[in-house]
Each structure stands twice: as C-alpha cells, then as structure tokens.
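Undergrad: below is the sequence, then the predicted model.
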Amino acid sequence: MSNVDTKPDQIVCRPGGLPDPNCDQQGRAPVEIITARDVPLGGPRAMTVRRTLPQRQRSLIGPWCFVDHYGPADVSVTGGMDVAPHPHTGLQTVSWLFDGAIQHIDSGGNAGLVLPGEVNLMTAGAGICHSEVSTEDTTNLHGVQLWLALPETTRHQPEREFEHYAPEVTSFDGGEMLVFLGHLWGASSPVTTHSPLLGAEIRLDPGATINLPVDETFEHGVLVDSGDITVENVELPVGAIGYTGVGLREMRIGNRADTAARLVLLGGVPFGEEIVMWWNFVGRSHEEIAQFREEWQAEGDRFGVVDGYVGNGGPGRNADGMGRLPAPRLPDVTIKARRNPPPRVQGGPEDR
C-alpha cells in the first residue's frame with residue numbers, strides 16, 4: 001500500500017535551541033529533515049522503495065532530482081526488482097548498491113551488472129530506454145537509485161552514454177568513504193557529469209564523529225541508510241535526508257550507535273533551471289512531456305529498443321507479463337514546473 005500523503009512531516013532544528021532539549025545546535029548550521037514515502041516498484045509482487053525526492057517540500061538538491069532507497073530486503077520470495085524496458089529523457093540515472101546485483105540493459109547497446117560499491121551511470125539525453133532486473137542469485141537487495149537532471153546545454157544530446165566505475169575506499173579517522181561522483185576530501189571520481197556535484201557513500205565506525213570539509217557553493221543532503229546518525233547535532237531518522245543548503249564549509253556527522261553506520265552524501269551547485277518531471281521524463285514544459293509520451297507509446301526512434309531483456313516472469317516478460325512498460329495516462333491539467341525552494345533550510349534563521 002502506498003503512502004499518498006503529499007505533505008510529509010518536516011522537522012527543522014534551529015540554532016539557539018528547540019523544544020527538543022537534546023538538540024544542541026549552538027554554533028552549528030540548521031538542518032531540514034526530508035522524510036521518505038513508500039512507493040511500490042512494479043505490480044502485485046512489487047518491491048517497496050522509500051522515496052525522498054522529489055516532493056512538495058523540496059524537488060532538487062543540486063541537480064539531484066530523484067532519490068529511491070530500498071532494502072535490505074529478502075527478494076528470494078518476492079522475485080526482487082524487475083523493471084521492464086522503460087524510457088528516460090533529460091537525465092542521468094545513477095545506480096549504487098550496498099548488497100545484491102542488478103542486470104542493466106539499455107538501448108545504447110550497453111549491458112552490465114550493477115554490483116555493490118560500483119556505480120553505473122546512464123545518460124539519457126534526448127532519449128533512451130533500459131531494463132533493470134535483479135539477478136537470480138540475489139537474495140538480499142539493498143541500495144539507492146538516483147537521477148540527475150541534465151542542464152539545457154546537454155539535455156538534447158543524441159548520444160546514449162554509459163559509464164561504470166568502482167571507486168577505491170578512502171579511509172579516515174572514524175570510518176571510510178567511496179566517492180562515486182565528483183570530489184570529496186581529496187578523493188575524486190572520473191565519471192562524466194554535466195553539473196558541479198557530489199555523490200559518496202560514507203561509513204562511520206561505532207560512536208565516531210567527523211568534521212567533513214565540504215564545498216560551500218554546494219547544497220547538501222545526507223541520506224541515512226543505517227546507524228544512529230546526527231548531522232550538525234540534529235538526529236536524522238533512518239531513510240530520511242538531512243538537508244543543509246549552501247554556505248556550509250564543514251559538516252559534522254556523528255554515529256551514536258554501537259554498530260557501524262552508513263549514509264549517502266549528495267550535493268551540488270543549486271540547479272538554476274526549472275524542470276518538469278512526469279513519470280520517467282524530465283523536460284521543461286507540459287507540451288514537451290506530452291510529446292515524449294506520444295513517441296514512447298508509438299515505439300518511435302527517440303528511445304530505441306532494449307535487446308535481451310529477460311524478466312523474472314520468463315523470457316522478455318516481468319511478473320505482470322509485460323515486455324515493455326506503457327506510459328501512464330497524462331493528467332487532465334497542464335503539468336507545471338515545480339519551483340524549488342531557495343537553497344537554504346526552510347524555517348531557518350533567514351525565514352524568521
């Protein structure tokens with residue numbers, strides 16, 4: 001069952017004290033908490049994912065416009081992930097796993113396994129389609145699926161690009177990290193992106209606290225996968241994102257648990273373009289989205305064809321018997337761009 005609440009609770013911890021006496025924010029940056037909503041991925045045997053972006057509260061963090069977090073889930077009974085060929089425009093998909101394996105095939109002629117600690121980045125540009133199926137030997141599936149909005153300068157490119165990269169572990173006092181996109185604390189990724197941004201998995205030892213140097217021109221979001229995490233001394237629930245806005249040079253992250261913790265740090269320069277997101281398309285207007293949908297339904301050349309898709313329900317079929325996902329019906333109203341709030345914590349000092 002989906003959570004259809006369109007206004008999830010927001011908790012803001014402000015400098016100078018809050019009703020929560022345990023939140024000591026003296027000298028620290030404010031933090032906006034973005035909670036997740038449950039979304040079924042698929043049909044009757046759907047795997048539930050936790051979605052934090054997009055939503056009314058905030059649509060983007062830098063160019064990051066979509067964040068799904070799933071597992072750990074025993075998929076030996078449910079059949080796991082089986083997403084039949086479906087289209088994308090105007091974005092890059094970023095697949096990052098903690099456990100399990102997913103077979104990726106796209107219409108650019110690319111096929112490969114998404115494995116833990118190895119990023120797969122697919123650039124849609126003007127149009128692409130792909131399928132995603134967890135492998136038969138995967139029993140536990142756990143990771144994140146992310147999208148990056150492409151800027152106007154590159155969103156129409158015809159090339160269907162695909163990159164794979166396995167970053168080395170970078171150790172620090174209190175833990176380690178894997179920088180899969182951008183640059184952080186001396187570690188860099190060679191993967192091609194089209195906006196200044198950051199993506200990293202951070203693992204913290206039990207009881208560890210770090211003061212992480214970050215780019216003050218970036219807005220940042222910390223997605224909690226496990227542990228008892230605080231950001232700028234603000235407690236974050238598992239599955240939520242702690243958002244800090246721009247202007248922060250050093251981010252304090254702590255793990256109060258007696259077990260190791262894991263989080264995903266996302267950041268980037270605020271995206272200066274309004275985007276229209278609907279289904280799997282990112283565009284700039286209702287008319288553009290309607291055109292994308294029409295071309296997908298007509299099996300036009302914009303998206304190409306996925307060769308070799310084999311779903312969990314049999315050759316070329318997923319559990320619902322579909323070899324290709326049909327687009328939903330367009331809404332009866334004009335789809336409008338969702339304006340992102342300013343790149344600062346809502347309810348922070350500037351708003352009072």
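TA: Right, received. Where do you want to start? Numbers count the residues shown, from 1 in each chain.
Undergrad: how about the CA coordinates for stretch 279-291, as PDB?
TA: Extracted C-alpha coordinates of stretch 279-291, given in PDB (Å, rounded to 0.1, in the frame of the first residue of the first chain):
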ATOM      1  CA  TRP A 279       6.800   9.600 -14.900                       C
ATOM      2  CA  ASN A 280      10.300   8.800 -16.300                       C
ATOM      3  CA  PHE A 281      10.700  12.000 -18.300                       C
ATOM      4  CA  VAL A 282      12.500  15.300 -17.400                       C
ATOM      5  CA  GLY A 283      11.600  18.200 -19.600                       C
ATOM      6  CA  ARG A 284      10.800  21.900 -19.500                       C
ATOM      7  CA  SER A 285       7.100  22.100 -20.400                       C
ATOM      8  CA  HIS A 286       3.900  20.100 -20.500                       C
ATOM      9  CA  GLU A 287       4.000  20.100 -24.300                       C
ATOM     10  CA  GLU A 288       7.400  18.500 -24.300                       C
ATOM     11  CA  ILE A 289       6.400  15.800 -21.800                       C
ATOM     12  CA  ALA A 290       3.300  15.000 -23.900                       C
ATOM     13  CA  GLN A 291       5.500  14.700 -27.000                       C
END
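Undergrad: pLDDT at residue 45, what is it?
TA: Per-residue pLDDT puts residue 45 at 56.
Undergrad: now swap in residue 184 and tell me
TA: Reported pLDDT at residue 184 in the predicted model: 98.
Undergrad: repeat that for residue 80.
TA: Reading off the confidence values, residue 80 has pLDDT 80.
Undergrad: who's in contact with the residue lying closest to it once chain neighbours are set aside?
TA: For residue 80, ignoring the flanking residues on the chain, the nearest one in space by CB to CB, 6 or more residues apart in numbering is residue 134 at 3.6 Å. C-beta here means a position set from N, CA and C on the backbone, and glycine is covered the same way. Under the criterion of CB atoms under 8 Å, 6 or more residues apart in numbering, the neighbours of residue 134 are 75, 80, 81, 82, 100, 101, 102, 103, 141, 312.
Undergrad: same deal with residue 117?
TA: Going by CB under 8 Å, 6+ apart, residue 117 touches 97, 166, 167, 178, 201.
Undergrad: wait, the third one sits on residue 179?
TA: Yes. Counting by CB atoms under 8 Å, a contact exists between residue 167 and residue 179, whose distance comes to 5.5 Å.
Undergrad: between the two, which one's more packed in?
TA: Remark: of residue 167 and residue 179, residue 179 carries more neighbours, 25 against 21, as counted by other CB atoms under 10 Å.
Undergrad: the more buried one: which element?
TA: In the assignment (DSSP states H and E), residue 179 maps to strand 175-181.
Undergrad: next one: residue 253 from residue 202, what distance?
TA: As for residue 253, its distance to residue 202 is 7 Å (criterion: CB to CB, to the nearest Å).
Undergrad: err, residue 173, not the other one
TA: Noted for residue 173: a distance of 13 Å to residue 202, by CB to CB.
Undergrad: so between the two, which is more surrounded?
TA: Applying other CB under 10 Å to residue 173 and residue 202 shows that residue 202 carries more neighbours, namely 26 against 7.
Undergrad: and that one, backbone torsions?
TA: In terms of degrees, to the nearest 10, the main-chain angles of residue 202 are phi -120, psi 130.
Undergrad: which strand residues bridge the closest residue to it other than its chain neighbours?
TA: Of all residues not flanking residue 202 in the chain, residue 177 sits nearest, at 4.6 Å (CB to CB, 6+ apart). Here residue 177 shows beta-bridge partners residue 170, residue 202, assigned using DSSP bridges.
Undergrad: next, count neighbours for residue 177.
TA: 22.
Undergrad: tell me the buried residues within the contacts of residue 117.
TA: With burial judged by 16 or more other CB atoms under 10 Å, the buried subset of those is 97, 167, 178, 201.
Undergrad: farthest-apart pair in these, please.
TA: 97 and 167 (13.2 Å; CB to CB).
Undergrad: hmm, back to that, out of the contacts of residue 134, which are inside helices?
TA: Assignment to helices by DSSP state H places none of those there.
Undergrad: okay, those in CSV with neighbour count and distance to residue 325 next?
TA: Output for the contacts of residue 134, formatted as CSV (neighbours: other CB atoms under 10 Å; distance: CB to CB, whole Å):
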residue, neighbour count, distance to residue 325
75, 22, 20
80, 26, 17
81, 28, 13
82, 27, 11
100, 24, 22
101, 18, 22
102, 23, 16
103, 19, 16
141, 24, 20
312, 18, 15
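Undergrad: let me have those in JSON lines, extended by distance to residue 56.
TA: Shown next, in JSON lines, are the contacts of residue 134 (distance: CB to CB, whole Å):
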{"residue": "75", "distance to residue 56": "31"}
{"residue": "80", "distance to residue 56": "31"}
{"residue": "81", "distance to residue 56": "27"}
{"residue": "82", "distance to residue 56": "30"}
{"residue": "100", "distance to residue 56": "31"}
{"residue": "101", "distance to residue 56": "35"}
{"residue": "102", "distance to residue 56": "30"}
{"residue": "103", "distance to residue 56": "34"}
{"residue": "141", "distance to residue 56": "29"}
{"residue": "312", "distance to residue 56": "34"}
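Undergrad: many thanks, have a good one.
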